[in-house]
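**Q** Model the structure of this input:
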Amino acid sequence: MFCKRDAYRPRLASAVDDANGGHPAVRGDHHAPWLAWRPLLPFVAAGVLFGISYVLLFEAYFRGRVTVVSPLVATESLWGVALSLLLIRHTELVGRRVLAGAVLVVAGGVLIGIYA
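**A** Model (predicted):
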């Protein structure tokens, strides 16, 4: 017997398939699981380096004083802005406001390091 509720099931399945991008790994198709990983490969190196940076950060806090390590860590935003100016100047819009914000963040970290 056909009821009104059954008419919505194909639409719901189609909406769920569209929401997850229709990826084979998400659908449960195990014939092509590599297709789901292929777009993520460029980010693997960045993820590994990010993880290593956290290990080194905790090691610095373990071996050094917080009053020395914390201001050095606070300069990361300044380094990010400086490297984006040098490396990706054409795609990343770095203006006076972004540069001033980075300088203010670093100055705040230095002040915290001095008066902590």
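**Q** Ranking helices and strands of this protein by mean pLDDT, which lands last?
**A** None of the helices or strands of the chain scores lower by mean pLDDT, DSSP states H and E than helix 24-27, at a mean of 50.
**Q** Quick check on G64: phi, psi?
**A** The phi and psi torsions at G64 (degrees, to the nearest 10) take the values phi -110, psi 180.
**Q** so who does it touch?
**A** Counting by CB atoms under 8 Å, 6 or more residues apart in numbering, G64 makes contact with nothing. C-beta coordinates here come from the backbone N, C-alpha and C atoms, glycine included.
**Q** where's it relative to L49, distance?
**A** 21 Å (CB to CB, to the nearest Å).
**Q** for L87, same thing?
**A** 15 Å.
**Q** what does P39 give?
**A** 19 Å.
**Q** With V73 instead?
**A** From V73 to L49 the distance is 16 Å (CB to CB).
**Q** which of these two has more neighbours?
**A** V73 (14 against 9; other CB atoms under 10 Å).
**Q** what does the model give that one for pLDDT?
**A** Listed pLDDT for V73 reads 84.
**Q** likewise W34?
**A** Model confidence at W34 (pLDDT) stands at 56.
**Q** Quickly list the domain ranges of this structure.
**A** The record's domain parsing of the chain by automatic domain parsing lists 12-63, 65-115.
**Q** Please work out which of those is packed deepest.
**A** domain 65-115 (a mean of 13; mean count of other CB atoms under 10 Å).
**Q** Would you work out how far apart the start and end of it are?
**A** 14 Å (CA to CA, to the nearest Å).
**Q** contacting residues around V105?
**A** A74, S77, L78.
**Q** what about 10 Å?
**A** A74, T75, E76, S77, L78, V81 (CB atoms under 10 Å, 6 or more residues apart in numbering).
**Q** I'd like those residues written out as JSON lines, with secondary structure and distance to F43 added.
**A** Shown next, in JSON lines, are the contacts of V105 (DSSP: H, G, I helix; E, B strand; the rest coil; distance: CB to CB, whole Å):
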{"residue": "A74", "secondary structure": "helix", "distance to F43": "26"}
{"residue": "T75", "secondary structure": "coil", "distance to F43": "25"}
{"residue": "E76", "secondary structure": "helix", "distance to F43": "19"}
{"residue": "S77", "secondary structure": "helix", "distance to F43": "21"}
{"residue": "L78", "secondary structure": "helix", "distance to F43": "24"}
{"residue": "V81", "secondary structure": "helix", "distance to F43": "21"}
